[in-house]
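Chemist: Predicted coordinates and the sequence they were generated for:
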Amino acid sequence: MAINLSKGDRINLSKDNPGLQKVRVGLSWDTKPGITADLDASVFLLGEDEKLIGDDGLIFYNNTTSAEGAVVHSGDNRTGAGDGDDETINIELSKVNPKVKSILVVLTSYAEQGSEKINFGRVKNATARLYDGASGKVLNEFDLSEDMSDATSMEMVKIYRNNNEWKLAAIGEKAGSSYNGLEDVLNRYSK
């Protein structure tokens, strides 16, 4: 049975799931009636200094695979329509670059240039799920119902190394104070 997480919860993936080698992060959302929104999942590969490990440290719809092939993004879902996960990130833990201390999963609102940014107040049922990548079993689920009504970027979950173990933190925090979506997060984690 999946463990439901709350904002701020931390779990030890290695201890709770011995032998876990592959995980999948699934993100889903729906928009409120009459609203069209394109939300995007992105992955920030962060080093010891909590900054991007380099130009290849950002995995998103336009760069779907990390340099060593350990992190693979499913691609862009522009509507959030339908059941199940809208975007997924597959991670092979044993292949993650040794420079990477943490894998931060972010959700941002995208808008074409000149278009209105859609803040998360216009989105409902935002959920992050962590799966065992081999069996497909849901390990953890994090309902992002926290009030993010004025945000266009959110740090959702972080998978991180600690004492040779992989752990997970449910974050659910705004990633920036403005309406610049991914740009806010890039500014925070770039060197």
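Modeler: Okay, I see it.
Chemist: Quick check: longest helix in this protein by residues?
Modeler: Criterion DSSP state H: the longest helix present in the chain is helix 182-189.
Chemist: Residues contacting it, please?
Modeler: The contact list for helix 182-189, computed with Cβ atoms under 8 Å, 6 or more residues apart in numbering, reads 40, 42, 44, 46, 50-52, 58, 60, 104, 106, 108, 110, 152-153, 155, 175-178. The C-beta positions use only the backbone N, C-alpha and C, and glycine is treated the same way.
Chemist: all strands for this structure, in order.
Modeler: Ranges of strands within the chain are 3-5, 10-12, 22-31, 38-46, 58-59, 71-73, 87-92, 102-110, 123-132, 138-143, 153-162, 165-174, based on DSSP state E.
Chemist: Give me the buried positions along the second one.
Modeler: Across strand 10-12, burial judged by 16 or more other Cβ atoms under 10 Å covers residue 11.
Chemist: I'd like the distance between the residue nearest the centre of the chain and residue 127.
Modeler: Geometric centre of the chain, nearest residue: residue 105, 2.3 Å, by Cα atoms, centre = their mean. Computed as Cβ to Cβ, to the nearest Å, the residue 105 to residue 127 distance reads 12 Å.
Chemist: I'd like to know which elements the helix or strand of the chain with the lowest mean pLDDT is packed against.
Modeler: Least confident element among the helices and strands of the chain, by mean pLDDT, DSSP states H and E: strand 3-5 (a mean of 76). In terms of contacts (3 or more Cβ pairs under 8 Å, 6 or more residues apart in numbering; DSSP states H and E), strand 3-5 is packed against strand 138-143.
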